[in-house]
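Undergrad: could you work out the structure for the sequence below:
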Amino acid sequence: MISVKNALGKVEMLSKLTDTFRINLNNSVGYYLAEDIISPINMPPFRQSAMDGYALKAHNELEYKLVGEIKAGDCNHPSLNSGEAIRIFTGAAVPDSANVVIMQEKVSLVGNNIKIDDNVVVGKNIRPAGEQVTKGKIALKEGSKLTPAAIGFLASLGINKVLVYKKPSIAIVTTGNELVNPGELLSYGQIYESNSGMLFSALQSLGYTNISKHKVKDDYQSTYNLLQQVIINNDVVIITGGISVGDYDFVGKALNEIDVKQVFYKVKQKPGKPLFFGKKDKTTIFALPGNPAAALSCFYVYVNTALQILSGNIDYKIQKEGKTSVSNFIKKGDRAQFLKAIVIKDEVTILEGQSSAMLQTFAHANALVFVPEEVSQINQGDLVEIIRLPNL
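TA: Numbering: from 1, shown residues only. Prediction:
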């Protein structure tokens, strides 16, 4: 059995997928750049007014002759003489002959002249050309995530297509004779299958779209055939159930027969002890416990880490924060634990109902409290480590 720290360390050793493609910038949110973006222009491309006001060619007096107006988008390029001013608006091009912009609140009109009620500081309120980035320099480095702000920045440089790393194709496989699809008639001894929908929606919320769902009965040959197929056809395979050591748990045996290389099996944690992580050629395989809360905990901690790295976020590591517990908790056993919790500002409440089979508690949680192996008790007021659940 491997520790949580060592298990995460092995997942973090994955490498990004090498496949790339060019995508329209407006459709690129959540992807990672596969090349440095070299700025084709200065940004801003000209000296730009930072506010509404008056552009001056400064002299020793406080009164200036008003000689015109420049709006944002105007292409006129007047030349000012010493002591002259021009009305200007935010974002407009500042004439090369002007050396300061005075905000309009500090100016009063006196006929065709203006009077300045402010210190005239050369360069004030003028954004220099290339202030954000200069032509020929790196605007965004390879590996940068395309966030809305990054997309807006690249659009401001005139860029409309980018080369990005492909996001992984993902297969979700659920196992179990007892599982019935929601909406169907439930017989005695059966339960509704929730893991595939849960994991599918978790993946979608994280920006993954190339996802397929598969279901297999507790039959060895059927399990073997399906797993062999999805491993060949996908970058990531997520299996739920069938990984323990019961008489009808066939996943481990099938993975072994398919020659999946086991990286680790069983983690010293609760929930999610029977977690499997392996590789077959270029495919990454996770076999999660069948209990829904255990499966989702393992997904957020391990599978999400793998997906981030495979997608190009090569330096990704789970971020833990310190928060003050308002709850008491006594841990049974010596395994590390991930506890469903609610974080509000600087405080965290550990929720009731921590069973690995219970999703009701998880439905209210926005974080996991991590309790290391060596910690046996949490008292109210203790500083604890929390992992925020993404997009919640």
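
Undergrad: so what's G136 up against?
TA: 38-39 (Cβ atoms under 8 Å, 6 or more residues apart in numbering). Bear in mind the C-beta positions are built from the backbone N, C-alpha and C, glycine included.

Undergrad: tell me, how many residues neighbour K161?
TA: By other Cβ atoms under 10 Å, the residues close to K161 number 13.

Undergrad: that one and Y64: what is the separation?
TA: 46 Å (Cβ to Cβ, to the nearest Å).

Undergrad: again with I378
TA: Counting by Cβ to Cβ, the gap from I378 to Y64 is 68 Å.

Undergrad: quick one: mean pLDDT over stretch 327-339.
TA: Stretch 327-339 carries an average pLDDT of 95.

Undergrad: can you check stretch 242-261 too?
TA: Stretch 242-261 comes out at a mean pLDDT of 84.

Undergrad: give me the pLDDT value at E69.
TA: For E69, the predicted pLDDT is 95.

Undergrad: any idea which element it lies in?
TA: Using DSSP states H and E, E69 maps to strand 63-70.

Undergrad: listing partners with orientation, what would you give for that strand?
TA: Strand 63-70 has the following strand partners under DSSP bridges: strand 84-88 (parallel), strand 113-116 (antiparallel).

Undergrad: quick one: low-confidence parts of the chain?
TA: Along the chain, segments meeting pLDDT under 70 span 245-248, 392.

Undergrad: do you know how far G83 is from C298?
TA: G83 is 73 Å from C298, by Cβ to Cβ.

Undergrad: just to revisit the earlier point, just want to know which of I378 and Y64 has more residues nearby.
TA: Legend: neighbour count by other Cβ under 10 Å for I378 and Y64, higher for Y64 (26 against 21).

Undergrad: now do the contacts for the residue found closest to that one once you drop the neighbours it is linked to in the chain.
TA: Nearest residue to Y64, sequence neighbours excluded (Cβ to Cβ, 6 or more residues apart in numbering): A85, at 3.9 Å. For A85, the contact set (Cβ under 8 Å, 6+ apart) comprises 54-57, 64-67, 114.

Undergrad: highest neighbour count among those?
TA: Counting neighbours by other Cβ under 10 Å, A55 comes out on top of these with 28 neighbours.

Undergrad: surely that one meets T90?
TA: No: using Cβ atoms under 8 Å, A55 makes no contact with T90, being 11.9 Å away.

Undergrad: shared neighbours of these two, anything?
TA: S49.

Undergrad: ok, A306 - contacts?
TA: 11, 14, 236, 284, 286.

Undergrad: same question but for F46, I mixed them up
TA: 93-94, 129 are the contacts of F46 under Cβ under 8 Å, 6+ apart.

Undergrad: repeat for A150
TA: Residues in contact with A150, defined by Cβ under 8 Å, 6+ apart, are 140, 144.

Undergrad: using the three-state scheme, assign it.
TA: With DSSP: H, G, I helix; E, B strand; the rest coil as the basis, A150 sits in helix.

Undergrad: break down the stretch 151-300 of the chain into its helices, ranges please.
TA: Applying DSSP state H, counting those that start in this stretch to the stretch 151-300 of the chain gives helices spanning 195-205, 220-233, 251-257, 292-298.

Undergrad: returning to that earlier point: now the contacts of F46 in TSV, with secondary structure and distance to G252?
TA: Output for the contacts of F46, formatted as TSV (DSSP: H, G, I helix; E, B strand; the rest coil; distance: Cβ to Cβ, whole Å):
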residue	secondary structure	distance to G252
A93	strand	68
V94	coil	69
A129	coil	63
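
Undergrad: how about this structure, which residue sits the furthest from its center?
TA: Here the chain reaches farthest from its C-alpha mean at G111, the gap being 56.5 Å by Cα atoms, centre = their mean.

Undergrad: give me the phi and psi angles of that one.
TA: phi 60, psi -120 (degrees, to the nearest 10).

Undergrad: check the gap between it and I70 for me.
TA: Distance from G111 to I70, by Cβ to Cβ: 21 Å.

Undergrad: again with Y192
TA: Taken as Cβ to Cβ, the span from Y192 to I70 is 66 Å.

Undergrad: can you pull the contacts of Q360?
TA: Applying Cβ under 8 Å, 6+ apart, the residues near Q360 are G353.
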